[in-house]
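In: Just to be clear, the model below is a prediction. Sequence and coordinates:
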Amino acid sequence: MTLDKTKTTAKKKVEQVNAVVIRFVGDSGDGMQLTGTQFTDTSAMFGNDVATFPNYPSEIRAPQGSLYGVSGFQVHIGSVEISTPGDDLDLLVAMNPAGLKTNLKAVKAGHTIIVDTDSFTKKNLQKAEYETNPLEDGSLENYRVIEVAMTSLTREALKGLGLDNKSIVRSKNMFALGMVYWMYGRDMKHTLDFFEKKFKFKPIIAEANSKVIKTGYFFAETLELIPNSYSIAPSTMPKGTYRIVNGNTATAWGFLAAAEKSGLELYLGSYPITPATDILHELVKHKHFGVKAFQAEDEIAGITSTIGAAFAGDLAITTTSGPGLALKGEAIGLAMMTELPIVVVNVQRGGPSTGLPTRTEQSDLLQAMYGRNGESPVIVIAASSPADCFDYAFEASKLALEHMTPVILLTDGYIANGSEPWKIKSIKDMPDIKPNIITNDSEGYGPFDRDNDSLARNWAIPGTPGLEHRIGGLEKNEFTGNVSHDPLNHESMTNIRAEKVKRVENYIPDLTPEYAEEGDLLVVGWGGTYGSLHSAVRDMSKDGYKIGHAHFHYINPMSKNTADVFSRFKKIIVCELNKGQLSFVLKGKFNQYDFLQYNKVQGLPFSVIDLKAKFKTLIKED
Amino acid sequence: MEDIAVKQYTFKDFQSDQEVRWCPGCDDYVILRSMLKALPEMEVKKEDVVFISGIGCSSRFPYYVDSYGMHGIHGRAAAIASGVKLANPNLSVWVATGDGDAMAIGGNHFIHVLRRNLDLNIVLFNNEIYGLTKGQFSPTSVLGQKTKSSPYGNTQPPFQPGELAIGARARFFARIGGNTPKEMTKLFIDAEKFKGTSLIEVLQNCVIFNDGCFTNYTDKAVKDEQQLHVEHGEPMIFGKNKDKGLILDGLTLKIVTIGEDNIEEKDLLVHDAKCENEIMHHMLINLRYPLVTGIIRSVEEPTLEEREAELTEQVKSNSNFSKVDDLFFSGETYEVK
Ligand SMILES: Cc1ncc(C[n+]2csc(CCOP(=O)(O)OP(=O)(O)O)c2C)c(N)n1
Ligand code: SF4
Ligand SMILES: [Mg+2]
């Protein structure tokens, strides 16, 4: 097949759509993450709302063409509000048979699949465990399949440029991207600029990539198999300066902001673990802000060095995922007992044990709440989307510093790796953070005196003359701070520590249900399921259902009006990616209500379609 | 530490108001007293001194020193102290730890803190037993030792703390008997002066659960015969009459007597604590007769916090970012109008 630009067919139709879900899949080496990111950024800059989710194999270098070596990137773009990376696909771009096989199920019937026919060789079909070629055996007849010899077309486009075969084959992802750009009426400029900048010192590679992307673009325009293109108008997002962020970056940046706002230096003690490691990767870059990021020998050293840094006066945090949180349990107790401000971030993944490291789950809530010896309440909060990880990392720091207690911040693999537009917050728009630091001229107040309202103890930092003191894990006397085994003192101190955490409810916002203040069904969720639950409730609310969505960001303590919210709905369903951990907590706290449950533990997010079906039957049952 | 002259402190300035609760006769008292004597001599401001410990009898230490302090959790003192030092390198950070605390539950932190070489001072209270939990064998208990958890004798071969430390690339290792406060005081001062992680092993008698375990080396009556107290640059001489010494015989250390076999003082080995090659230090650590005390190894190298500070300065001077807004609004941003 040759490409003749002069033979452009009559101008094709343009169809308006509100939103589409596209997934690019291929071999780990096919550059699918880059392709997806480029499409996302271009769409965001065009003004669409976007949400993405990468899906890569857990093997670092999986064998080429294998089913488990498939790497994917899903993006959901729209002129309407986009809250999740999307369920079913409008378009699948499959660079090889393995990619097709592992992703076909997600494509909506009747929708489009673009394949690189050059990769459907006997060997690759075998590796993908196809007995017959799906392009020939009729198994794809329910889809609109666009067969393109991408590798050969790429090779032809680059003829004479003097590139080696490997570099040529490697740029075929840009052919696919060019096609998709044309199909969705996207401008290539952002990507062309990107290559020019990235390969400033390898102009030949920049040229090759722009050549291939343009070739793909014009090929799609010409190809009769693609009868029309789609237009997705810009969405109506609030005015401002945006950027695309994933949850782990947003988390890291939230801590940077909190450090600057509080006037403290940021310390991170961490040990690598999927999917939390990218927070470490991000923070180690920021030595220019004086960030002290310490890769420790294990999770215990991660958190105990964090406790040391908090004692010495830093905004001190530690980041981990489920198994790491288990290792940190004893030390969280020490931070609670010594009343030092630390933040523990747990980017949840599929458990138990090593579980599903690269998949998402919400099954560490009870561990965060209760996974320690003794009576040891700590603040537990959860972020709910990639961008709001920024806000909750900031909030976790603020609560820790102002209340002198450890805070556990829960995120999960889904929002940590997913990305969406973030309306950039300037440091001047963030609330103040006022740590409870005392200095030697704070007459009469010692390290063991408390704030009357919050009960936070004073923070006396080493280096401050006159405030020398000792803290530790042993019970201390309420007034002097000295070690005490007195029974009544112990009970009193236990109550004070609990009350201190409970009083945080006076400093946090109300729980405000979305879409309905009262009604037939209240959908309750927490953490990273916000997007799916929000989408389902939004759709049903539009259809006239009396349904509301209450999403918990504050889990310990909860907002003071929680019971009031519950009382205004006929039914309550708690939806979680676990076997019912928040419902367990709610049942203990609010036993006057019935909590129905909707649970899923497949390492996958909720499907909005499934959620709506469930909610509809619940409402109908009356 | 900084230019401001440090006020003259006394023993009492560092003594806390807490009642000391070790068993009467425990060497921990000697260590505490030596420390309280050493601290005023260190040219460190009281408010800059931080003691961190784990759990054990020995880990009660921070309560008895009037400085900043934290009694942590079992085994984690070195890690907590690392965080303190990284957060504020101006502090003089001390770790008080036991043989179980440092080498059993805290073994991982112990080797890594030595490898990283932060400027910390670690005092290892080695009593070859778990004191606080009432007498189980520890990673330094000797073979055959009868304890509450080895009533028929210990079958687990012990660590030699110094050997483990050298293996972990320790830059400073010293050993001292728990009954020699004068030498101990001096050692503490030297350890504070040393830039890098200093490890001081104190042979600490536990009168209750392992009484006399070091008597053969430390008892006043035999000490001079049994111990070789090394000093950098000095010949390796010991014995009541200063008549014995060490020479190298092939690959082993040999004890010789001055005046016998034509041996003169100048034939003896001269202690070089600053020698980077650790082979001699290793041999001295493993010697049982004489038992070597004093600073066996003292090799300065840049500390972790120095390396970090240098790198941070470098990154800062090459960066356009000084406020987080610079970062947030940099790169791929776009306007929604
Ligand atoms: C996690 C944990 N495990 C076990 C203990 C019990 N424990 C406290 S101290 C100790 C051993 C102390 O021995 P060592 O470190 O040699 O100190 P010593 O008492 O001899 O000074 C043990 C096992 C504990 N406090 N915490
Ligand atoms: S048990 Fe042993 S180590 Fe502990 S205080 Fe008593 S004598 Fe000292
Ligand atoms: Mg001991």
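Out: Looks like it came in fine. Residues are numbered from 1 along each chain as shown, chains lettered A, B, ... in the order given. Ligands and ions are numbered 1, 2, ... in the order given.

In: ok, now which ones touch residue B:111?
Out: Taking C-beta atoms under 8 Å, 6 or more residues apart in numbering or on different chains as the contact definition, residue B:111 lies against B:164, B:167-168. All C-beta spots, glycine's among them, are computed from the backbone N, C-alpha and C.

In: Can I take it that it is in a strand?
Out: No - checked against DSSP: H, G, I helix; E, B strand; the rest coil, residue B:111 lies outside a strand; its state is helix.

In: Looking at the contacts of residue B:111, which is nearest residue A:315?
Out: For those, the closest approach to residue A:315 (C-beta to C-beta) belongs to residue B:168, at 30.9 Å.

In: Same list (the contacts of residue B:111) but as CSV, adding secondary structure, neighbour count and distance to chain A.
Out: Below are those laid out as CSV (DSSP: H, G, I helix; E, B strand; the rest coil; neighbours: other C-beta atoms under 10 Å in any protein chain shown; distance: C-beta to the nearest C-beta, whole Å):
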residue, secondary structure, neighbour count, distance to chain A
B:164, helix, 21, 15
B:167, helix, 15, 15
B:168, coil, 17, 11
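
In: need these in JSON lines with pLDDT and distance to residue A:114, can you?
Out: Shown next, in JSON lines, are those (pLDDT from 0 to 100; distance: C-beta to C-beta, whole Å):
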{"residue": "B:164", "pLDDT": "98", "distance to residue A:114": "61"}
{"residue": "B:167", "pLDDT": "98", "distance to residue A:114": "59"}
{"residue": "B:168", "pLDDT": "98", "distance to residue A:114": "57"}
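
In: between those residues, which is nearest ligand 2?
Out: Distance ranking of the contacts of residue B:111 against ligand 2, using C-beta to the nearest ligand atom, places residue B:164 first at 20.9 Å.

In: To which secondary structure element type does residue A:25 belong?
Out: For residue A:25, the secondary structure call by three-state DSSP comes out as strand.

In: what's the burial count for it?
Out: Neighbour count for residue A:25, taken as other C-beta atoms under 10 Å in any protein chain shown: 28.

In: where's it relative to ligand 3, distance?
Out: For residue A:25, the distance to ligand 3 under the criterion C-beta to the ion, to the nearest Å works out to 59 Å.

In: Now for residue B:141, which secondary structure element holds it?
Out: When elements are defined using DSSP states H and E, residue B:141 is found to belong to no helix and no strand.

In: Is chain B within reach of the helix or strand residue A:502 falls within?
Out: Counting by DSSP H and E, the secondary-structure element that holds residue A:502 is helix A:487-502. No - using C-beta under 8 Å from any C-beta of the partner chain, we find that helix A:487-502 stays clear of chain B, coming within 15.9 Å at best.

In: list the helices and strands the helix or strand containing residue A:176 packs on?
Out: Following DSSP H and E, one finds residue A:176 within helix A:172-183. Where contact means 3 or more C-beta pairs under 8 Å, 6 or more residues apart in numbering or on different chains; DSSP states H and E, helix A:172-183 is packed against strand A:19-27, helix A:32-46, strand A:89-94, strand A:107-116, helix A:150-157, helix A:189-198, helix A:203-222, strand A:228-231.

In: Could you point out which of those sits nearest residue B:68?
Out: helix A:32-46 (47.8 Å).

In: related to what we said a few turns ago, columns mean pLDDT on top of the helices and strands packed on helix A:172-183, output as a markdown table?
Out: Below are these laid out as a markdown table (pLDDT from 0 to 100):
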| stretch | mean pLDDT |
| --- | --- |
| strand A:19-27 | 96 |
| helix A:32-46 | 96 |
| strand A:89-94 | 98 |
| strand A:107-116 | 96 |
| helix A:150-157 | 96 |
| helix A:189-198 | 95 |
| helix A:203-222 | 95 |
| strand A:228-231 | 90 |
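
In: what are the ranges of the helices in the stretch 1-150 of chain B?
Out: Taking DSSP state H, counting those that start in this stretch as the criterion, the stretch 1-150 of chain B contains helices spanning B:28-38, B:77-87, B:99-100, B:107-116.

In: would you turn those into a markdown table with distance to residue B:204 and mean pLDDT?
Out: Shown next, in a markdown table, are those (distance: least, C-beta to C-beta, whole Å; pLDDT from 0 to 100):
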| stretch | distance to residue B:204 | mean pLDDT |
| --- | --- | --- |
| helix B:28-38 | 7 | 98 |
| helix B:77-87 | 16 | 98 |
| helix B:99-100 | 9 | 98 |
| helix B:107-116 | 17 | 98 |
